[in-house]
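Colleague: After the sequence you'll find the predicted model.
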Amino acid sequence: MAVNLGLVPATAGKRLGAAVLDWLAPSAVLVVAFAIGFAGVTRTQSGGFIIYDTGSLVLFGGTGLGLTVAYTFVLLGMEGRSGITIGNRLMGIRSADSDGYAPGAGGVFLRGLITGAGILLTVVAAAMVVIFKWFDAALFILAPLALAGAGWAVLVVVSNTWDRNGRLRGWHDTAAKTLVFDVKAGRNPIATGGIQGPYSFAPLDLPPVQQVASPVAGPANTPQVINAQAPLNPIQSQPPAGRPADRAPDAASQAFAPQPFTPPAPTAVPPAAPATAAHPAPAAYPAPAQQPAAAHPDDDHDRTQMRGGFREPAPVAVLRIRLDDGRDFQLDRNVLVGRNPVGQSGEQHAQLLAVDDPGRSISKTHLHVLTDGAGVWVTDRNSTNGSAVTTPDGLRTPLQPGVPAFVSPGSTVHFGDRSFHLGQA
């Protein structure tokens, strides 16, 4: 797959490095908070009963646990929407679903649940120690569980080492149906059209070609005969001297005349008026006789025959965009994209494409897209976080606010934390 599609699976070393960068700091905060909390637990004896003061444990342990949970949800949203975490960005890798797009919150949550199962077990054990007041044995219970949980997490992260399919998936990837790619050594599928690349869009079902009957193949009304020799005025209508009265038909008229038909004999020209007349009378030329409708040689054709000098206009391309969450849209001519787009004056008939953005990185009306057959014109509507275009060869160019930029099929348009890929059916 890496050779044909430009995709390189992330190595176990890079996966482990990204995981350490993502979880070293929050894990340290959690361990230190619980350590301080347990150290502050005091024991007093009153009336034959031992009373433990767990105020410090609740304070510091609860604070550390709350910060870790908040960080987990932020990381979950980032990776689910774009495949990026702090560690992934620094190590040059991206998480993706089985189609090469953003993995989604569900897939990331399942991967994290499998990886951190040992750590979660340690947290549950700590809660049981507090509930049952096993403080004397807390160190002997929690320390081995924490070490086992960390070892399990490392084992799961590097489990793609034992994948026989090109070391593509770890155990947690197989369960969540996700993939991890090295975007420094290969292509980033999330930004370049998924696993199949920039031209992965399936063509739309175009309307069938309408059969047009030939206007000369069937019976038709007798055409109006126009005498091109009709006199405009007496002077111009006078025939030149020595011109024969009965002119033979030219080659062009013979070509359109049916072969079985024999033209009638020409009518005699009446004698000219005397020379003493003020103006000589125009000579009368016979109008071509109306001929009966005959079968046309192309009766067996069911399409209109085009003249050699006429060229049929090229069909207009059908343009589509695919958002980074996998949704696919066919573009109208005039489209507004944003968190809750609203057209300005003169844009009442624009297609409004609302994009979900929990992080509010997208402006209300972020982009204006105008289709132009071979591509689209994209204009940034003075958005807060800006926009950019990445061409199929990987060149990323920021968009100037209010300045239309032409985007060809195969490119990716970034707006805020979201993006869409332009395809052509």
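Modeller: Done, it's in.
Colleague: which strand is the longest one in the protein?
Modeller: strand 418-424 (DSSP state E).
Colleague: tell me what it is packed against?
Modeller: strand 319-323, strand 412-415 (3 or more CB pairs under 8 Å, 6 or more residues apart in numbering; DSSP states H and E). For every residue, glycine as well, the C-beta is placed using N, CA and C.
Colleague: tell me which helix or strand of the protein sits lowest on mean pLDDT?
Modeller: Ranked by mean pLDDT, DSSP states H and E, the weakest helix or strand in the chain is helix 251-256, scoring a mean of 44.
Colleague: same question for stretch 57-69, mean pLDDT?
Modeller: Averaged over stretch 57-69, pLDDT sits at 89.
Colleague: residues of it that come out buried?
Modeller: Of the residues in stretch 57-69, 57, 60-61, 64-65, 68 count as buried by neighbour count, 16 or more other CB atoms under 10 Å.
Colleague: same deal with stretch 417-425?
Modeller: Those would be 417-424, for stretch 417-425 by 16+ other CB under 10 Å.
Colleague: For the longest strand of the chain, the averaged confidence score.
Modeller: Averaging pLDDT along strand 418-424 gives 88.
Colleague: Below-threshold pLDDT in this structure: ranges please.
Modeller: Residues of the chain meeting the criterion pLDDT under 70: 1-5, 197-318, 345-349, 373, 425.
Colleague: can you pull the buried residues of the longest helix seen in the chain?
Modeller: Ordering each helix of the chain by length in residues (DSSP state H) puts helix 12-39 first. Buried residues in helix 12-39, defined by neighbour count with 16+ other CB under 10 Å: 12, 14-23, 26-27, 29-30, 33-34, 36-38.
Colleague: What's the separation between residue 135 and residue 8?
Modeller: 50 Å (CB to CB, to the nearest Å).
Colleague: what's the answer for residue 124, then?
Modeller: Counting by CB to CB - residue 124 and residue 8 are separated by 38 Å.
Colleague: Which one of the two is surrounded by more residues?
Modeller: More crowded of residue 124 and residue 8, by other CB atoms under 10 Å: residue 8, with 17 against 11.
Colleague: ok, for the more buried one, nearest residue in space, not its chain neighbours?
Modeller: Leaving aside its sequence neighbours, residue 8 sits nearest to residue 186 (CB to CB, 6 or more residues apart in numbering; 3.3 Å).
Colleague: List the contacts of stretch 46-54.
Modeller: Stretch 46-54 has contacts (CB atoms under 8 Å, 6 or more residues apart in numbering) with 37, 41-45, 130, 133, 135.
Colleague: Sorry, slip of the keys, the one I care about is stretch 181-191.
Modeller: 2, 5-11, 14, 82-83, 92-94, 96, 100-102, 195, 197, 324, 390, 412, 414, 419, 421.
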